[in-house]
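*Asks:* Here is a sequence with its predicted model. Questions after.
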Amino acid sequence: MTLPPNPEALLQAMQAIVGPTGCLSAAADTEPFVTDYRRIYHGKSPLVVLPATTEQVSQVMAWCYAHDVPVVPQGGNTSLMGGAVPDDSGTAIVISLKRMNRVLAIDTVNDTMTLEAGVTLSAARAAAEDSRRLFPLRIGSEGSCQIGGNLSTNAGGTAVLRYGNMRDLVLGIEVVLPDGRIFSSLKGLRKDNTGYDLKHLFVGAEGTLGIITGAVLKLMPQPRATSVAFVAVQNPDAAVKLLGEARALSGQAVTAFELISAPALDLVLGYLGDVPSPLEGRHDWMVLIELTSGTDEESLNATLMQILEAGLEQQWVVDAAVASSLADVQQFWRIREEISDAQTRTGGSIKCDVSVPLSRVAPFIEQASAAVLALEPATRMVIYGHMGDGNVHFNPLRPAERDAKDFLAQWYKPVSDLVDGLAHAENGSISAEHGIGVAKRDDLTKYKSAVELELMWQVKRALDPKNLLNPGRVLPRID
């Protein structure tokens, strides 16, 4: 068992590397770094270190490796799986990348952006926009989450349908390894066929193999036109068919296709208070459709209307509200993006982030909903997500009159196991974009083969033989 480091020696060593202002040791100062966003996971740490350069991260890791001190890398601490905070042993320090927040270069000919890991997603998007380019990753926590964390969790979001996950958006990477060595490959190359593509070892590894300190990201042309509609559909099967029609009629213009259940809409409208429903009446299922293109607005709007008319003709669409202004677009998206916070503030939400093949989305939702309601009929079925890529946020919420802690104590594990099992049976995944962290770690023994788990551990042991980087995260123990 690793013993807690000597606090005084640790503090002196870290201050010598990052300076006094780069070290936080008082309990009040470290508290935000040892508690997760949802305040479900809480740990202890003798020290939070805030390096300002990759070289400082390297020196910190070299010292920790020599002295067997565990390290938890942390970006914006917006993880939903408990993967970015230390455990309660008090042995691990936290390395926060928040001071490494510089956009280093934007190449508008190569369409790339080089930046440090602590740059927030919103700052990265703004920097791209200032150069008349688009960085397309969009997630609700973009004001807090950081690029290093986005890479470490292979973040997805609402534009994956068009642009892909974070893994699809990175060209080069810089990583500090557990022993302090620096692997730097900050290249903006779209073709580099010179052996193993090592950057992809670290994307999605949740800080267990190395600390990402910088990256080169792809940029896209800014769309000239955007067309958005909030659409009531008969059911999830109708939504899938409408998506197929949208793709057939618009080609690559479908940027987002977000499913929203009635309980999800009820919850978020109640949470926001001052935002009306875009549609008249109450509908069981809705989708938020966004088209973007390099064509003119009039042409894109005509395409959207063609999609909706086809949906009405086929009786997939019940009603629709088409955004007629930027304010409408922002309000439609605000409704979608605030669902997660509405759940967090309400409490008692069982968050299941699953993916299944698009052809199986509708059967999965039907089966999983029936199974959960058979256990607890009053459960509010908050279901939403990125339907276009098969990612369903299936988040049963406590009955309105039920205490959140009691509901979770009784149903969290049974419902999670049930939903994950149904997703797996559809050749799906128990984690589409939130990662594994602590919350799903032990479940991997049920859903990953022995060969997969052993290969993962072999990679871990090769890069981190002392198991110092984010120990206890992602990888379950295997015999």
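*Replies:* It's in.
*Asks:* measure the residue minimising distance to the centre of the chain to Pro471 for me?
*Replies:* What sits nearest the mean C-alpha location of the chain, by C-alpha atoms, centre = their mean, is Ala155, with 4.0 Å. Remark: distance between Ala155 and Pro471 (C-beta to C-beta, to the nearest Å) = 23 Å. Quick note: C-beta positions are derived from backbone N, CA and C, even for glycine.
*Asks:* now the strands: where do they sit in the stretch 301-450 of the chain?
*Replies:* Here the stretch 301-450 of the chain has its strands, by DSSP state E, counting those that start in this stretch, at 317-322, 352-355, 380-386, 391-397.
*Asks:* Partner strands of the first one, with direction?
*Replies:* In this case it means strand 317-322. strand 225-233 (antiparallel) (DSSP bridges).
*Asks:* show me the contacts for the residue nearest to the centre of the chain.
*Replies:* 137, 139, 145, 149, 165-166, 433 (C-beta atoms under 8 Å, 6 or more residues apart in numbering).
*Asks:* Just give me the closest of the residues you listed to Val175.
*Replies:* Distance to Val175 across the contacts of Ala155 (C-beta to C-beta) is lowest for Gly149, with 13.7 Å.
*Asks:* Tell me where the longest helix sits in this protein.
*Replies:* helix 404-425 (DSSP state H).
*Asks:* counting contacts, what elements does it pack onto?
*Replies:* Helices and strands touching helix 404-425, by 3 or more C-beta pairs under 8 Å, 6 or more residues apart in numbering; DSSP states H and E, are strand 352-355, helix 361-375, strand 391-397, helix 444-447.
*Asks:* so where do the strands sit in the stretch 101-250 of the chain?
*Replies:* Secondary structure of the stretch 101-250 of the chain (DSSP E, counting those that start in this stretch): strands at 103-107, 112-116, 133-134, 170-176, 182-185, 211-218, 220-221, 225-233.
*Asks:* Pipe these into JSON lines and attach mean neighbour count, mean pLDDT and distance to Val69 per row.
*Replies:* What follows is the strands of the stretch 101-250 of the chain, written out as JSON lines (neighbours: other C-beta atoms under 10 Å; pLDDT from 0 to 100; distance: least, C-beta to C-beta, whole Å):
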{"stretch": "strand 103-107", "mean neighbour count": "15", "mean pLDDT": "98", "distance to Val69": "29"}
{"stretch": "strand 112-116", "mean neighbour count": "23", "mean pLDDT": "98", "distance to Val69": "24"}
{"stretch": "strand 133-134", "mean neighbour count": "20", "mean pLDDT": "97", "distance to Val69": "41"}
{"stretch": "strand 170-176", "mean neighbour count": "24", "mean pLDDT": "98", "distance to Val69": "15"}
{"stretch": "strand 182-185", "mean neighbour count": "16", "mean pLDDT": "97", "distance to Val69": "19"}
{"stretch": "strand 211-218", "mean neighbour count": "27", "mean pLDDT": "98", "distance to Val69": "14"}
{"stretch": "strand 220-221", "mean neighbour count": "13", "mean pLDDT": "96", "distance to Val69": "41"}
{"stretch": "strand 225-233", "mean neighbour count": "23", "mean pLDDT": "97", "distance to Val69": "49"}
